[in-house]
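>>> What follows is a protein structure lacking sequence information:
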């Protein structure tokens, strides 16, 4: 069973609208959580990284939240643009010393005009 | 600054043939990773290098996969012989060694392998 579960698997939104992606994890101990954006045919690019003590972090129109007690994170996209169409992957790091990353399967976001 | 460079971008081969992928990490990054990403899935680690040493290859199918990182810089990943199930995107990533709590991995564009 994957230790990082993302939902929904995919979603379609209209340009200008907001959306929220969910990530639940069971990885323990917890070191940090990252959200990556992966455009079609590209490698993942980091959007945010949060450690145990952080519960929100923003990067432009992307805002990530983290609840380490419930092991949940969300990524909120505000005022979506066509260029936001991509797969968004939640990645959890368990141990800072061996740097083992657990990847979610991703949420595919399609923004339509 | 150049990012992680991978080649080729695409490769189509017949099953049972060998194939090799090449990765040039970001300059100064001691840690290098090879991941395999199946369609609709997140990347799965195949092997991780610290300099020239493979420190985690537990997920590498060693009967047909091999990797090397000579001189601790560039790396190659080889599959011999390839099987239909090896069709996937192979991603290379690199990161600096040090404060791992905030260390970020930078990914290349990947090599899309199709085995027919």
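Sure thing, it's come through. This one's a predicted model, so the numbers in the text were calculated from it and none came from an experiment.
>>> hang on, isn't residue B:41 packed against residue A:105?
Yes: applying CB atoms under 8 Å as the test, residue B:41 and residue A:105 come out as touching, 5.1 Å apart. All C-beta atoms are positioned from the backbone trio N, CA, C, and that covers glycine.
>>> Count the neighbours of residue A:4 for me.
23 (other CB atoms under 10 Å in any protein chain shown).
>>> In which helix or strand does residue A:92 reside?
Per DSSP states H and E, residue A:92 falls inside strand A:86-93.
>>> looking only at pLDDT, what's the mean for that strand?
Strand A:86-93 shows a mean pLDDT of 94.
>>> and if you look at stretch B:18-31?
Stretch B:18-31 carries an average pLDDT of 94.
>>> dump the residue contacts of the residue most central in space within chain B.
With distances taken as CA atoms, centre = their mean, residue B:34 lies nearest the centre of chain B, 2.6 Å away. Residues near residue B:34 by CB atoms under 8 Å, 6 or more residues apart in numbering or on different chains: B:23, B:45, B:46, B:47, B:48, B:67, B:75, B:77, B:90, B:91, B:92.
>>> Go through those and flag which are in strands.
Of the positions in those, B:23, B:45, B:46, B:47, B:48, B:67, B:75, B:77, B:90, B:91, B:92 sit in strands, assigned by DSSP state E.
>>> The second one touches residue B:56, doesn't it?
Yes: contact status for residue B:45 versus residue B:56: in contact at 7.0 Å, counting by CB under 8 Å.
>>> Counting by contacts, list what the worst-scoring helix or strand of chain A on mean pLDDT packs against.
Least confident helix or strand of chain A, by mean pLDDT, DSSP states H and E, is strand A:101-103 with a mean of 87. Contacting strand A:101-103 under the criterion 3 or more CB pairs under 8 Å, 6 or more residues apart in numbering or on different chains; DSSP states H and E are the following elements: strand A:86-93.
>>> In its sheet, which strands sit next to the strand it packs on, and in what direction?
Strands that pair with strand A:86-93, judged by DSSP bridges, come out as strand A:32-38 (antiparallel), strand A:101-103 (antiparallel), strand A:107-112 (antiparallel).
>>> Give me whichever of those is most buried.
Most buried of the strands paired with strand A:86-93 by mean neighbour count (mean count of other CB atoms under 10 Å in any protein chain shown) is strand A:32-38; its value is a mean of 24.
>>> what packs against the helix or strand just after that one?
Using DSSP H and E, the helix or strand that follows strand A:32-38 in sequence is strand A:45-51. Judged by 3+ CB pairs under 8 Å, 6+ apart, strand A:45-51 is in contact with strand A:32-38, strand A:56-59, strand A:62-67, strand A:72-77.
>>> neighbouring contacts of strand A:45-51?
For strand A:45-51, the surrounding residues in contact (CB under 8 Å, 6+ apart) are A:31-39, A:56-59, A:62, A:64, A:66, A:73, A:75, A:88, B:101-102, B:104-107.
>>> Go through it and flag the buried ones.
For strand A:45-51, the neighbour count (16 or more other CB atoms under 10 Å in any protein chain shown) marks A:47, A:48, A:49, A:50, A:51 as buried.
>>> what bits of the chain have low per-residue confidence?
By default, I'm working from chain A. Low-confidence segments of chain A, defined by pLDDT under 70: A:1-2, A:95-99.
>>> please go with chain B instead
In chain B, residues with pLDDT under 70: B:1, B:98-102.
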